[in-house]
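Asker: A predicted structure for the sequence below; I have some questions about it.
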Amino acid sequence: MASRAEAKKLGLTDVEFDEILNILGREPNFLELTLYSVMWSEHCSYKNSKVVLKRFPTQGPQVLQGPGENAGIVDIGENLAIVMKVESHNHPSAVEPYQGAATGAGGVIRDIFAMGARPIALLNSLRFGSLDSQRAKLLFKGAVAGIGDYGNTMGIPTIGGEVYFDDAYRENPLVNAMCVGIIRHDKIVRGKAAGIGNSVMVVGAATGRDGMHGASFASGKLSDNPDQGSPMQVGDPFKEKQLMEACLELLENEWVVGVQDMGAAGVVSSTCETAARAGSGIELDVALVHQRDKDMKPYEIMISESQERMLVIVEKGHENDVKQIFKKWDLEAVKVGTVTDDGMLRILENGRIVGELPAKSLAEGAPIVKRESKRPSYLDNLNIDLSRIPEPEDLNEVLLKLFDLPNIASKAVIYSQFDQTAGADTVVSPGSDAAVLRIKGTKKGIAVSIDGNGYYCYLDPYEGGKQVVAEAARNLIVSGAKPLALTDGLNFGSPEKPEVYYQFEECVKGISEASKNLGIPVISGNVSFYNEGRESAVYPTPIIGMVGVLEDVNKHCTMGFKRQGDLVVLLGENNDEIGGSIYLKEILNTVGGPAPRLNLDEEINIQKCCLKAIELGLVNSAHDVSDGGLAVALAECCIAGSLGFEGEVETNIRPDILLFGECQSRIILSLSEENLSVLNKLAKEMNVQVSVLGFVKPGNINIQVKRKGQIARNIDISLDKIIEISNNAIKRRVENERQA
C-alpha cells in the first residue's frame, strides 16, 4: 500500500490523501495513488479555480455546448455550428519550445475533432521575454516553428494570433493555441462512455513513456521537476493527420457512442471523464494497450501523455468496423475494455485487477480549494505625475520608435511561416484585426480573433479583464462580424499566493461582466496556474479567443484605407488617459498609471454603430484603436492600404497623450464624403460621438494637433519609412545573436 509520504512526493496534500482514504475505505496502492495525483492536479481538476469560474455566463440561445466537454459549440445558423477551444502549453514550451508548442497545437486540434468537427483554423497567443535576451529568442523561434510545422503538416491554416514581449515572461513564456472547427448539428459527438457492455477502444499512436507526469508538471513551478519519466510530449503531425481523418470517417457511423482526446493524464483522464459524464464505469486491461516501450508498468500506461491517441466508445459488435477504418489510415485500434454499470474504473493487467476506484472521484472528486485573496500593495502606488514627465519635442521620432517596438511592429515575420490558406476558405489572412473564413456551401463567413493584455491586467485586474473581452469583440466588429461566443485561456502565477489569487478573481470578474453585458457567453476554456520562475510570476494574462458570424462574407471589412479622398472619422471620444500605454512604459520609461477605464454602455453603442455602418455598406475600412493609441492606429490603416493620411485634431489634451494614449472604445472608419450624413444620423440614434479626423491621400502621414486653433504638435512622416522600420523590428532582433 502507498504511504502518506509517497502521496506528498506525488504532489498530494494531507487533506487530499485523507479524502482518498475516505473514498476508498482503505489505503490506495501505488497505481491508485498515482492516478489520483495526476487527476487531482490543478491542471486536470481545476481545484483552485472552479469556485471562481462559476461566475462566467455560459448560456445563450446560440450555445449548443458550454464548458465541460472537449470543446464548446456555438450555432451559426443553417444547421451549422462552430466548435472552439483554447489550450495552454506553457511549461512544456519553456523546456522544449518546438515540441511544447507543436504538441499544444496538436492537443487542441484533437479537442475539436473529438466533437465530430473538422478543424478549419488555428490561432495562437504567445508571450516571451524581451528579445534582447538570447533565451527569449530561442524560445520564440522554437515555439513559432513548432506551431507552424504542426499546423502546416496537418493542412489546417493558421489564420491569426498575437505575440507580446516583456521581461515579465522571461522565466516563464506563455504558449496558448486555439482551434476552430465546423460541424452540422446532427453530427455532434460528446465524450461519454454510455451503454453497458459497449467496447472501450484506444486508437491512434502507440503508448510510450513520453509525457510522464505531464499534468503534474503543468501544475507546479518550472523549478519543480517530477522524479519519474519525462514530462515532455513528442508530437507527430503526420500521425495526427491520419488520426483526424480516421476519426472523422469513424464518426459518420451511428454506432459510435463517444470519443475523447487523450491529452493531459492520458488513458486515466479519458476513461474516468467519459465514465463520469455518463454515470457509468469502465473496466480495462492495460496489457491490451498497444505500447512502443518495453516493460511499461500499469501506472506508466495509465498516465502517459504520448500524443496522437484517442479513446473511442462503440456499440458492442462493431469493434472490427473500427479496426478496419483505422487500418485504412495505417493506425492501430484495439479494444482495451468495456463499459460497466458500477461507476468504477477497474484496471487489470493480463486479467488480474491492479487498481479499482470510483471513476467520478477521479474526474470530479478533488477537494475544492478557496484560496486566500489579498489585494497587492503595488496597486496603491501606480499614480503618476505627468507634470514631472516632459513631453518629447519630436513626435515623428516617437512614432518611429513605437513602430520599432516588437509589440507594435509588423508580425509578418511570424505569420509568414504559417500556411494561411490551406482549405481555400481564408478570406482575410493574418495582419488584420481578425481573420475571416468563408463557410462552404453558404453565403456565411466567420471572423475569429484572439487577444490579451497582461500589462493592463497587472495594473488593474478587473478593468484588464473587461478590456480583453471588449478588444476581442471590437476586432470582430470592425471585420463586419457579430460576436457569438468566446473561449478563454487564463494564465496566472501560483494560486497559493494571495496576491496572485486576487488577480485571478478580479480578472474573472471583469471578463464575466464584459461577457454578460456584450452578450458573448464563455463556452470553453483553460486555466493555467503556476506560471512563474524562481524570481517572479508572469503578468496576469487572460487570453480571449472569440468567433463571430457574417451573414454575407462578401460584406467583410478590413483596416486598410481603400480610396484617395475618403474621409477618416473616429467613433468614440479621446480622453487624457495615459496609464498602461506602451508609450508611457516604453518611450517615457514609466511603469504605472491605472489601466484605462472601460465604459461598457459606451462600448456596446460604438460596436453596434460600427457593425451597422459596415452592414449598410457605409464604410470602406474599419480599425479599432488599441496598442500605441490614435497615431499608431491611423498609421496601421495607412500601412495596410498603402495610402497616406492628412488631418487635424482640435483638443485641450496634451498632444502626446492624445496621440499615444490608449483610452478605450474608439474605432477609426474611412468612408465616402456622401455617406457621412447617414453615419452621423446612425451614430446620433445610438448616442455615439463621431469626429472627422481628416482624409486619405497618397504619401506621408500628417497629423496636426491644435489647441485653440493653433498647431501645438505635428506629425509629418513618410509612410515608407514607417513600413521599413515596422517590417524589420522583430527580424533584426531575432537575427542579432548577441547575448544580453
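Answerer: Perfect, thanks for sending it. Residues are numbered from 1 along each chain as shown.

Asker: mind giving me the domain split of this structure?
Answerer: The record's domain split for the chain, according to automatic domain parsing, is 4-39+190-364, 50-188+410-555, 386-401+557-735.

Asker: Can I get these in JSON lines including distance to P376 and mean neighbour count?
Answerer: Bear in mind the C-beta positions are built from the backbone N, C-alpha and C, glycine included. Compiled in JSON lines, the domains of the chain are given as follows (distance: least, Cβ to Cβ, whole Å; neighbours: other Cβ atoms under 10 Å):
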{"stretch": "domain 4-39+190-364", "distance to P376": "19", "mean neighbour count": "20"}
{"stretch": "domain 50-188+410-555", "distance to P376": "4", "mean neighbour count": "23"}
{"stretch": "domain 386-401+557-735", "distance to P376": "14", "mean neighbour count": "19"}
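
Asker: Could you say which one of those comes nearest to Y378?
Answerer: Of all those, domain 50-188+410-555 sits nearest to Y378, with 8.5 Å by Cβ to Cβ.

Asker: Show the average pLDDT along that closest one.
Answerer: Throughout domain 50-188+410-555, pLDDT has a mean value of 95.

Asker: Next, the distance between the ends of it.
Answerer: 40 Å (Cα to Cα, to the nearest Å).

Asker: What of stretch 416-423?
Answerer: Distance between the two ends of stretch 416-423: 17 Å, counting by Cα to Cα.

Asker: who's in contact with D601?
Answerer: Contact criterion Cβ atoms under 8 Å, 6 or more residues apart in numbering gives no residues in contact with D601.

Asker: Wasn't it part of a strand?
Answerer: No - under the criterion used here (DSSP: H, G, I helix; E, B strand; the rest coil), D601 is helix, not part of a strand.

Asker: That one and N517, how far apart?
Answerer: Summarising the geometry, the distance separating D601 from N517, computed by Cβ to Cβ, to the nearest Å, is 8 Å.

Asker: can you check V369 too?
Answerer: When distances are taken as Cβ to Cβ, V369 and N517 turn out to be 30 Å apart.

Asker: Kindly report the same for Y583.
Answerer: Between Y583 and N517 the distance, using Cβ to Cβ, works out to 29 Å.

Asker: Tabulate the domains of the chain in CSV, adding columns for distance to S377.
Answerer: As requested, the domains of the chain are exported to CSV (distance: least, Cβ to Cβ, whole Å):
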stretch, distance to S377
domain 4-39+190-364, 22
domain 50-188+410-555, 8
domain 386-401+557-735, 14
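
Asker: closest one to S373 among these?
Answerer: domain 50-188+410-555 (4.5 Å).

Asker: Distance from the chain centre to that closest one, please.
Answerer: Its chain's C-alpha centre and that of domain 50-188+410-555 lie 2 Å apart, by Cα atoms, centre = their mean, to the nearest Å.

Asker: Then stretch 265-272?
Answerer: The offset between the C-alpha centroid of stretch 265-272 and the centroid of the whole chain comes to 24 Å, using Cα atoms, centre = their mean.

Asker: List of residues touching it?
Answerer: The contact list for stretch 265-272 (Cβ under 8 Å, 6+ apart) reads 35, 38-39, 41, 44, 191, 193, 200, 202, 207, 211, 214-215, 260-263, 282, 284, 286, 289, 301-306, 309-311, 337, 345, 359-360, 362-363.

Asker: now, which of those residues lie within helices?
Answerer: Secondary-structure check on those using DSSP state H: residues within helices are 35, 38-39, 44, 214-215, 301-303, 359-360, 362-363.

Asker: which one among those residues gets closest to G317?
Answerer: For those, the residue nearest G317 by Cβ to Cβ is A359; the value is 23.9 Å.

Asker: now the closest one: how far from K401?
Answerer: The spacing between A359 and K401, counted by Cβ to Cβ, is 58 Å.

Asker: got the residue ranges for the helices in the stretch 401-550 of the chain?
Answerer: According to DSSP state H, counting those that start in this stretch, the stretch 401-550 of the chain carries its helices in the segments 412-415, 454-459, 461-477, 498-518.

Asker: Out of the ones you listed, which gets nearest to M84?
Answerer: Of the helices of the stretch 401-550 of the chain, nearest to M84 by Cβ to Cβ is helix 461-477, at 12.3 Å.

Asker: Kindly export the closest one (C-alpha atoms) in CSV.
Answerer: Output for helix 461-477, consisting of C-alpha atoms alone and laid out as CSV, is shown next (Å, rounded to 0.1, in the frame of the first residue of the first chain):
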residue,chain,number,x,y,z
PRO,A,461,-7.0,43.1,-13.0
TYR,A,462,-10.7,43.9,-13.1
GLU,A,463,-10.5,46.6,-15.8
GLY,A,464,-8.0,44.5,-17.7
GLY,A,465,-10.4,41.5,-17.7
LYS,A,466,-13.1,43.7,-19.1
GLN,A,467,-10.9,45.2,-21.7
VAL,A,468,-9.6,42.0,-23.2
VAL,A,469,-13.1,40.8,-23.9
ALA,A,470,-14.1,44.2,-25.4
GLU,A,471,-10.9,44.2,-27.5
ALA,A,472,-11.6,40.8,-29.0
ALA,A,473,-15.2,41.7,-29.7
ARG,A,474,-14.1,45.0,-31.3
ASN,A,475,-11.8,43.2,-33.6
LEU,A,476,-14.7,41.0,-34.8
ILE,A,477,-17.0,44.1,-35.1
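
Asker: Could you check the angle it makes with helix 498-518?
Answerer: Regarding helix 461-477 and helix 498-518, their directions subtend 40 degrees when assessed with axes from the mean of the first three to the mean of the last three Cα atoms, to 10 degrees.

Asker: by contact count, what packs against helix 461-477?
Answerer: Contacts defined by 3 or more Cβ pairs under 8 Å, 6 or more residues apart in numbering; DSSP states H and E place helix 461-477 against strand 445-452, helix 454-459, strand 482-491, helix 498-518, strand 541-550, helix 600-615, strand 621-624.

Asker: Okay, now the sheet partners of the helix or strand that the fifth one is followed by, with direction.
Answerer: Meaning strand 541-550. Sequence order places strand 567-571 as the next helix or strand after strand 541-550, per DSSP states H and E. Using DSSP bridges, the neighbouring strands of strand 567-571 in the sheet come out as strand 667-671 (antiparallel), strand 690-697 (antiparallel).

Asker: any chance of the ones you listed in TSV, with mean pLDDT too?
Answerer: Rendered in TSV, the data for the strands paired with strand 567-571 read as follows (pLDDT from 0 to 100):
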stretch	mean pLDDT
strand 667-671	98
strand 690-697	97
